[in-house]
Every structure is written in C-alpha cells, then in structure tokens.
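K.L.:
quick one: sequence and predicted model below, then my questions.
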Amino acid sequence: QVQLVESGGGLVQAGGSLRLSCAASLRTFSPYAMGWFRQAPGKEREFVAGIRSDGSTYFADSVKGRFTISRDNAKSTVYLQMNSLKPEDTAVYYCAAGRTPFAGTKEADFSSWGQGTQVSVSS
C-alpha cells in the first residue's frame, strides 16, 4: 500500500493561488499515474487533475486553464498548482496513486489515497 501525504492547503482570497504537494512512500515513483480529487461539503468526491507515467496531463473542465499538475519523480512528489482560485474551489483535496501507469478520471482508477488537505477560498 502506497502512503501519500498532502500538504499546502489553506485559506486564500478569490483570485489567489496555492500549490499543493503530495509525497509518496515509493522508491520507484515514475511508473505510477497520480491524480488529485476534491470533495466539497455535501458533494461527491470529484476528479480534478491527473498526470500519467509518461508525463501527460489531463484536467476536469472546471479547472482547465487555472490548475496545472506536475511531478518530480526524484522526490516521489506530485504537485497541484492552483491559480485564479474561486470560492467554488473550496474543498478537501486528495492525492491518489493510480492502479496503472495510465489511470483515468474515476476513483476506481486509483488504489491509494492521502488523508486530504483543506483548501478554502473566500470571496
């Protein structure tokens, strides 16, 4: 079981930026696809962004053009850079490790999850 630890959440004003980090307890990180999901109060957890083992990235429509995802395989870490934040981005953000190198957007595509980090955006 992969252990994932998120950090970087916090409170920010609308229009601001945050960068989330997720450190994985893996010696060999590069073969894993990684993803970010979020869950707002009273809502289902939803996909936000993913990065596959080949470095290709994909995003939910709601964050395209505002969020970027990257990875540092040497540090076994994946990042989520969030710009132009909106109040509707407020949620607990979860990092997840894919079951295969080319995971999709469904929760079932991911096998290990972090504990989550809170992101709050004030208007």
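P.N.:
The structure has been received and is ready for your questions.
K.L.:
going forward, measure contacts between C-alpha atoms and count neighbours the same way
P.N.:
Will do.
K.L.:
do I have it right that Cys22 meets Val2?
P.N.:
No: counting by CA atoms under 8 Å, Cys22 sits too far from Val2 to count as a contact (11.8 Å).
K.L.:
who's more crowded, these two?
P.N.:
Cys22 (25 against 12; other CA atoms under 10 Å).
K.L.:
from the centroid of the chain, which residue is nearest?
P.N.:
Trp36 (2.3 Å; CA atoms, centre = their mean).
K.L.:
you'd agree it is in a strand?
P.N.:
Yes: the assignment for Trp36 is a strand, going by DSSP: H, G, I helix; E, B strand; the rest coil.
K.L.:
chain neighbours aside, what residue packs nearest to Met82?
P.N.:
Spatial nearest neighbour of Met82, chain neighbours left out: Phe67 (4.5 Å); criterion: CA to CA, 6 or more residues apart in numbering.
K.L.:
how about Gly104?
P.N.:
Gly50 (7.7 Å).
K.L.:
in the protein, where is pLDDT below threshold?
P.N.:
The chain contains no residues with pLDDT under 70.
K.L.:
which stretches of it form strands?
P.N.:
4-7, 10-13, 18-24, 34-39, 46-51, 57-59, 67-72, 77-82, 91-98, 110-113, 117-122 (DSSP state E).
K.L.:
show me what the shortest one is in contact with.
P.N.:
Counting by CA atoms under 8 Å, 6 or more residues apart in numbering, strand 57-59 makes contact with Phe47, Val48, Ala49, Gly50, Ile51, Ile69, all of which sit outside it.
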